[in-house]
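**Student:** Just to be clear, the model below is a prediction. Sequence and coordinates:
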Amino acid sequence: MEEEPVTQPGQDDNGASLQMHRTGMFKSNTTVLFSFTDVGLAQILAEVVEEVRLSIDRDTNGADLLYSLLSAPWLCSLLRVRHIMASVRGLAAPSSDAQELYILLKCPHMQALLSAHDSVAQRDYGPVLPPLPDKLPDNEEAMRIVCLMKNKQPLGVTIRKNERTGNIFIARVIHGGLADRSGLLHPGDKLVEVNGQKVRGLQPERVIQMLVQSQGNILFKVIPNSPQPANSQPALYVRAMVDYSPLQDPAIPCPDAGMAFSKGDLLEIVDQRDIRWWQARKLHSASLCCGLIPSTNQFRYKQRELWWSQPYQAHTCIRPCMLYNFELTSHNSDFFSQKLGFRHSLRVWRRNSKRKPSCYSCEVSSCHNTSATICEEVLHYQRHIDDPPRLIVLIGPSGVGVNELRRRLIKINPNTYQGPISYTTRSQKMGEKNGREYHFVTKEVFAYMVVNHKFLEYGEHNGHMYGTSLDSVKDVLDNGKICVIDLEPHCIHSVRTKKLKPYIIFVRPPSPTRMRQTRKDPHFLDKDFEEIEEASRTMEAKYRQYFDCVIVNDDLQDSCMDLFTAIQHAQEEPQWIPASWFAPDHL
Ligand SMILES: Nc1ncnc2c1ncn2[C@@H]1O[C@H](COP(=O)(O)OP(=O)(O)OP(=O)(O)O)[C@@H](O)[C@H]1O
């Protein structure tokens with residue numbers, strides 16, 4: 001369609017001029033507006049509106065429609081913005097601010113934002129509420145009517161009843177839920193009606209039922225609570241140390257609002273304002289909505305309750321670890337000399353000797369009762385290139401192949417990976433060199449090291465003591481190599497330090513059937529595979545919160561590759577590690 005020329009007002013008689021303006025605008029706003037120079041657009045628009053108003057007074061056909069269109073605030077705003085933009089563009093030497101503004105407004109994301117704003121602003125939102133009565137009684141409480149459109153997401157409010165007055169209140173608004181995102185319902189708001197039905201005196205369960213059963217829009221009438229202080233605490237990131245199921249927790253105020261989690265899950269705690277129930281969401285979860293979890297206070301309280309409800313048991317910080325007293329055969333003797341860590345040999349011995357355990361050793365680490373904490377604060381850590389490599393710890397049930405994997409890894413790249421040199425009280429054999437196969441020490445020196453907590457793990461074997469010392473591990477790390485050790489899981493605490501920053505890999509067996517097919521070692525008995533699977537399950541159930549990675553040792557080549565990738569990942573990619581490892585006073 002052709003654009004009509006626009007005449008400046010005042011050139012002709014008033015009526016003719018306005019007529020031309022109107023025609024021009026309806027044909028193409030943009031072109032017309034860019035051609036204005038002297039006269040403000042707002043003034044023209046005002047004149048147009050006035051003209052149309054006069055037409056209405058004269059009962060002109062269609063004029064009322066035109067009037068409402070031209071008086072629309074959005075049109076006025078739009079025209080004003082365009083006018084400004086046109087004048088900015090038309091300036092001979094615009095200021096740098098004007099140029100910057102022009103560039104900003106031309107950005108696609110800014111235009112998209114303005115366009116989104118316009119589409120939202122043009123929409124009508126229902127329901128249309130009745131006008132407020134002119135005279136409100138002085139004692140009338142301000143009432144808020146909130147309409148929420150139910151969708152598949154949880155509404156995200158819990159309610160409580162004042163037993164004395166029968167009033168129903170919103171107890172908490174769950175972060176990320178429908179109510180939270182509406183911004184219209186707040187903790188402490190008094191609920192007066194739900195979908196037109198009065199709720200005072202009803203049981204909270206009944207109100208919840210009404211909410212659950214309602215379809216489409218839910219209309220709340222609430223008396224708003226005084227404004228609540230905003231949640232100013234930053235989010236806290238934690239690793240769950242226990243399994244939790246709200247459905248099995250009789251103390252939770254609303255099981256449906258609870259969030260189940262398992263040991264090892266990474267959680268973002270979004271709200272800690274309630275000292276008993278925190279609001280959290282799982283990291284990497286698709287759901288935005290938080291759930292209630294017990295706070296550390298609440299959890300400790302539950303622990304105490306549980307402790308009192310249980311029959312008395314003597315508690316000790318030393319957890320026995322089963323070591324076995326065997327006769328040394330030549331096969332096993334060789335085994336020790338392979339420097340593969342003493343954990344390995346003890347287990348193979350058990351399988352070979354078929355003897356009952358007859359002695360035990362103790363964990364060296366401090367008394368650390370993990371069951372007393374619900375979670376551990378974690379921070380995102382990216383190892384700096386100059387930081388020592390993280391210690392790699394392999395954990396797995398006896399026979400799963402931990403040592404095989406470790407041995408292969410070191411053999412493939414001895415310049416990068418190394419195991420620590422263990423200490424022993426046995427005598428040095430021909431061809432062995434002190435500090436190469438083992439550090440050979442006297443029983444007295446060994447005992448001194450035990451008393452002074454020098455060992456991460458130690459034990460007795462065939463009358464001789466063997467131990468992996470912290471210093472041997474540090475030696476490897478200080479040489480810039482990646483230290484790879486295997487460890488009994490109950491010794492994990494002895495390596496979880498700021499200095500070592502261990503990355504713990506659990507080696508899980510494949511199914512017993514697969515083990516039968518892949519394990520050619522004649523020492524394996526058929527029942528071993530079931531035992532390994534069972535031991536793996538028990539180990540995982542107890543310690544999985546400490547595992548950074550799990551590798552299933554099915555095909556040996558693939559597992560080696562997985563191990564290699566996991567170690568690279570540990571050293572190079574950002575990881576969640578305990579916040580205590582950042583504390584300056586920690587080891
Ligand atoms: N993926 C695999 N496929 C086939 N054989 C394997 C595999 N992994 C390990 N093996 C073999 O299984 C046997 C036991 O492995 P390994 O000694 O490494 O077990 P371990 O977990 O260290 O347990 P232990 O401490 O009791 O020795 C070895 O003969 C090893 O070669």
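**Tutor:** Yep, it's here. Numbers count the residues shown, from 1 in each chain.
**Student:** Helices of the stretch 201-350 of the chain, start to end?
**Tutor:** Secondary structure of the stretch 201-350 of the chain by DSSP state H, counting those that start in this stretch: the helices cover 204-213, 296-309, 330-337, 342-353.
**Student:** Would you single out the least confident of those?
**Tutor:** Here these differ in mean pLDDT, and the lowest is helix 330-337 at a mean of 37.
**Student:** Could you measure from the most centrally placed residue in the chain over to Leu379?
**Tutor:** In the chain, the C-alpha closest to the average C-alpha coordinate belongs to Leu283, at a distance of 2.0 Å (CA atoms, centre = their mean). Between Leu283 and Leu379 the computed distance is 13 Å (CB to CB, to the nearest Å). Heads up, the C-betas are built off the backbone N, CA and C, glycines and all.
**Student:** shared neighbours of those two, anything?
**Tutor:** Residues touching both Leu283 and Leu379 by CB atoms under 8 Å, 6 or more residues apart in numbering: Tyr237.
**Student:** before we move on, back to that, report the spatially nearest residue to the residue nearest to the centre of the chain, omitting neighbours in sequence.
**Tutor:** Of all residues not flanking Leu283 in the chain, Leu266 sits nearest, at 4.1 Å (CB to CB, 6 or more residues apart in numbering).
**Student:** Now Arg89: closest residue in space that isn't a chain neighbour?
**Tutor:** Tyr102 (6.7 Å).
**Student:** Would you mind listing the buried residues in stretch 217-227?
**Tutor:** Ile218, Phe220, Lys221, Val222, Pro224 (16 or more other CB atoms under 10 Å).
**Student:** So which of the residues you listed sit within strands?
**Tutor:** Among those, DSSP state E puts Ile218, Phe220, Lys221, Val222 in strands.
**Student:** Reformat these as TSV; add pLDDT and distance to Cys375.
**Tutor:** Putting these into TSV (pLDDT from 0 to 100; distance: CB to CB, whole Å) gives the following:
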residue	pLDDT	distance to Cys375
Ile218	90	34
Phe220	92	34
Lys221	93	39
Val222	93	34
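**Student:** ok, these vs the ligand, which is closest?
**Tutor:** The ligand has its nearest neighbour among these in Ile218, at 57.0 Å by CB to the nearest ligand atom.
**Student:** what number of residues lie near the residue lying closest to that closest one once chain neighbours are set aside?
**Tutor:** Nearest in space to Ile218, with sequence neighbours left out and distances taken as CB to CB, 6+ apart, is Leu148 at 5.1 Å. A count of nearby residues for Leu148, using other CB atoms under 10 Å, gives 20.
**Student:** show me the contacts for Leu148.
**Tutor:** Contacts of Leu148 (CB under 8 Å, 6+ apart): Leu155, Leu178, Ala179, Ser182, Leu184, Asn217, Ile218, Phe220.
**Student:** Now do the contacts for the closest residue to the ligand within the stretch 151-300 of the chain.
**Tutor:** In the stretch 151-300 of the chain, the residue found nearest to the ligand is Gly264; the distance is 21.6 Å by CB to the nearest ligand atom. Shown in contact with Gly264 (CB under 8 Å, 6+ apart): Arg239, Ala240, Arg544, Gln545, Tyr546, Phe547.
**Student:** and if you look at His569?
**Tutor:** With the criterion set at CB under 8 Å, 6+ apart, His569 makes contact with Cys549.
**Student:** In which helix or strand does it reside?
**Tutor:** Secondary structure from DSSP states H and E places His569 in helix 556-572.
**Student:** buried set for that helix?
**Tutor:** Buried-residue list, helix 556-572, by 16+ other CB under 10 Å: Ser559, Cys560, Asp562, Leu563, Phe564, Ala566, Ile567, Ala570, Gln571.
**Student:** before we move on, what about stretch 508-522?
**Tutor:** Here stretch 508-522 shows Arg508, Pro509, Pro510, Pro512, Met515, Arg519 as buried, counting by 16+ other CB under 10 Å.
**Student:** What sits closest to the last one if chain neighbours are left out?
**Tutor:** Spatially, and ignoring its direct neighbours in sequence, Arg519 is nearest to Phe529 (7.5 Å; CB to CB, 6+ apart).
**Student:** Pro108: neighbouring residues, count only.
**Tutor:** 7.
**Student:** So what does it look like in phi/psi?
**Tutor:** phi -60, psi -40 (degrees, to the nearest 10).
**Student:** Out of the buried residues of stretch 508-522, which is nearest to the ligand?
**Tutor:** Taking these together and measuring to the ligand by CB to the nearest ligand atom, the closest member is Arg519, at 4.7 Å.
**Student:** Which parts of the stretch 101-250 of the chain are strands?
**Tutor:** 144-149, 157-161, 168-173, 190-194, 197-198, 217-223, 236-240 (DSSP state E, counting those that start in this stretch).
**Student:** In a helix, Cys483, correct?
**Tutor:** No - under DSSP: H, G, I helix; E, B strand; the rest coil, Cys483 falls outside any helix and is assigned strand.
**Student:** In contact with it, which residues are there?
**Tutor:** Pro389, Leu391, Ile392, Tyr417, Gln418, Gly419, Pro420, Val473, Val476, Leu477.
**Student:** bridging residues for it?
**Tutor:** Beta-bridge pairing for Cys483 (DSSP bridges): Gln418.
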